[in-house]
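J.: 3D model of this:
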Amino acid sequence: MALLITRRGEVAYVIIGDDKHILIPDLGRYRVAAGRLKGLRCVHTHLNGELLSEEDLTDMVLLGLDLMVCLQVGEKGIPGAISYAHILPKNRQGPGWHIVRIADIGQLNIDFQELIKSLEDEVTRTKESHRFEKKERALLIGVTTGPSWKAIESLNELQDLAVSNNLDVVDMVTQHLKRPNPRFLIGKGKLSELVLRCLQTGSTLLIFDNELSPIQVKSLTDYTELKIIDRSQLILDIFAGRAITREGKIQVELAQLKYLLPRLTTKNTAMSRLTGGIGGRGPGETKLEINRRRARERITRLNRELKEIKQQREHRRRLRNERRLPVISIVGYTNAGKSTLLNSLTHSHVNVKDRLFETLDPSSRRLRFPREREVIITDTVGFIRDLPGDLMEAFAATFEELQDANLLLHVVDASAPRMEEQIKAVEGILEKLGLNKIPCLLLLNKIDCLDPDRAAVLSKKMGVIAISAINPHTFSVLLNQIERLIWPRFSSPSISIERRPSPQP
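T.: Prediction:
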């Protein structure tokens, strides 16, 4: 049996189990501020002389208990040795908790109130030391059933996304499983390690590189009392923070609502914990806890507004087609240098920063060639591996701009450690959008970040054009290729601008 006792000495729960286990009930009403302990200690019996088990220690960490106490009881009910454990606020050498065993309960002489107070004071000091950083602290988790190196590469990209969203990444953890846990995705033991690490470092956010189901989000949130988001939600949050135009904001809100709709079946702690900060921007606090009916009504209204925007785009495209201006679209992985290239080619001032997804709203400028010839060149939102489906669907109106392109410029970051994977990811998305039949030039950008010999070898090996978007002197081969591909086809009287069907993301 077990007693859950408050700090005032009141018995909150009496739990009866079998000879091996007890089942601790939901302790949600004892939830306290993040980074603090629960205010409950569990005192339970062991009947077969066992010490504190791994399950005992895991529950102590996951539930945030002040103490886990084990009292050994003999066949005649006589108490024997007593053991107790508590977490360590800072991870010294060891597992992150401290266990004490006393041979006889009569020898127990510990001031538990003073012990717990000192533990929480140390936890509070850890939290206070990060208060003025103005960054939320996060742990990144990747679960894989395949090669570990792929999971590590994916986590590195997740780290770039988190840093781009002004997060302080405390640690990155990978776990290789034969089969993911359907309830928590990761093993319960690993989960307790993560919770302890968050408590010790003042972290309040766990970001999973894997897509989490609504049940997994709820289970993880209930057990850890931390904010839980996955890769898709992090990307949606970045988009929410970067959207400027009305169209961009509509598209992001629509994607967020479609993502959250299955998670709005009940009002639970997972949603209420996402009412502010990372993972909670965009629709806002009230929209995160609306019921399914109101969410669907909002989605219908947003779709109607996007339909009107689509009609306006089609009107602008018709005018452009009547003027017979060629269209060039710049595509590529996020942060490959697309906006910088647009600025350098057209002497524009589109906002650029060295971070992922800086550009969300398409920008179109005119590029003048000799003999009074002009083209429209368009910068688009960057692509990324496993771009959320809801985001692809919401940005369908934006991607339609690519359907009218006469030429695609695929910009690649030559300095990226995962360059080849990024190229494949972009080509895969272009194929999904039905754009793989449009002529495309592969541009190896940021060669100024490489050794000149290395840049030359890469360019020759891949058969691509090497440029530096910040150096217009490297554009001569590119401009010649554009003229060679665009004008013979476009000036032919037998060739007209072809109207392609809308993409099906």
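J.: pLDDT weak spots in the stretch 1-150 of the chain?
T.: 31-35, 90-94, 125-134 (pLDDT under 70).
J.: Endpoints of stretch 198-218, how far apart?
T.: 18 Å (C-alpha to C-alpha, to the nearest Å).
J.: got the buried residues for it?
T.: 198-210, 212, 214, 216-218 (16 or more other C-beta atoms under 10 Å). The C-beta positions use only the backbone N, C-alpha and C, and glycine is treated the same way.
J.: what lines up beside the one helix or strand residue 330 maps to in the sheet?
T.: Using DSSP states H and E, the element containing residue 330 is strand 327-332. Using DSSP bridges, strand 327-332 pairs in its sheet with strand 373-379 (parallel), strand 407-413 (parallel).
J.: Give me the next element, helix or strand, following the last one.
T.: Following strand 407-413 in sequence order, the next helix or strand is helix 419-432 (DSSP H and E).
J.: Residues contacting the helix or strand just after that following helix, please?
T.: The helix or strand immediately downstream of helix 419-432 is strand 440-445, counting by DSSP H and E. For strand 440-445, the surrounding residues in contact (C-beta atoms under 8 Å, 6 or more residues apart in numbering) are 336-337, 341, 407-414, 423, 430, 455, 458-459, 462, 464-469, 478, 481-482, 485.
J.: Out of these, which end up buried?
T.: Among those, the ones that count as buried (16+ other C-beta under 10 Å) are 336-337, 341, 407-414, 423, 430, 455, 458-459, 462, 464-469, 478, 482, 485.
J.: so what are the domain limits for this structure?
T.: 2-129, 134-288, 324-491 (automatic domain parsing).
J.: Of these, give the one that comes closest to residue 305.
T.: Shortest distance between residue 305 and those, using C-beta to C-beta, is found for domain 134-288: 5.5 Å.
J.: how far does the closest one sit from the chain's center?
T.: 5 Å (C-alpha atoms, centre = their mean, to the nearest Å).
J.: same check, this time on stretch 421-432
T.: 20 Å.
J.: Pull out the buried positions in it.
T.: Per 16+ other C-beta under 10 Å, stretch 421-432 contains these buried residues: 421-423, 425-427, 429-430.
J.: Show residues contacting that stretch.
T.: 153, 331-333, 336, 383-385, 387, 392, 408, 410, 412-413, 416, 436, 440, 442, 503-505.
J.: same check, this time on stretch 171-185
T.: By C-beta under 8 Å, 6+ apart, stretch 171-185 touches 139-145, 148, 151-152, 155-156, 158-159, 186-188, 190-191, 193-194, 197, 201, 208, 210, 212, 215-216, 219-220, 223.
J.: Name the SS class of the closest residue to residue 214 other than its chain neighbours, please.
T.: With C-beta to C-beta, 6 or more residues apart in numbering as the criterion, residue 214 has its nearest non-adjacent residue at 4.5 Å, and that residue is residue 263. Put simply, residue 263 is helix when judged by DSSP: H, G, I helix; E, B strand; the rest coil.
J.: repeat for residue 72
T.: Classification of residue 72 by three-state DSSP places it in strand.
J.: Count the residues that sit near the residue lying closest to it once chain neighbours are set aside.
T.: Nearest residue to residue 72, sequence neighbours excluded (C-beta to C-beta, 6+ apart): residue 80, at 3.9 Å. Other residues lying near residue 80 total 14 when counted by other C-beta atoms under 10 Å.
J.: And residue 301, by the same measure?
T.: Neighbours of residue 301 (other C-beta under 10 Å): 12.
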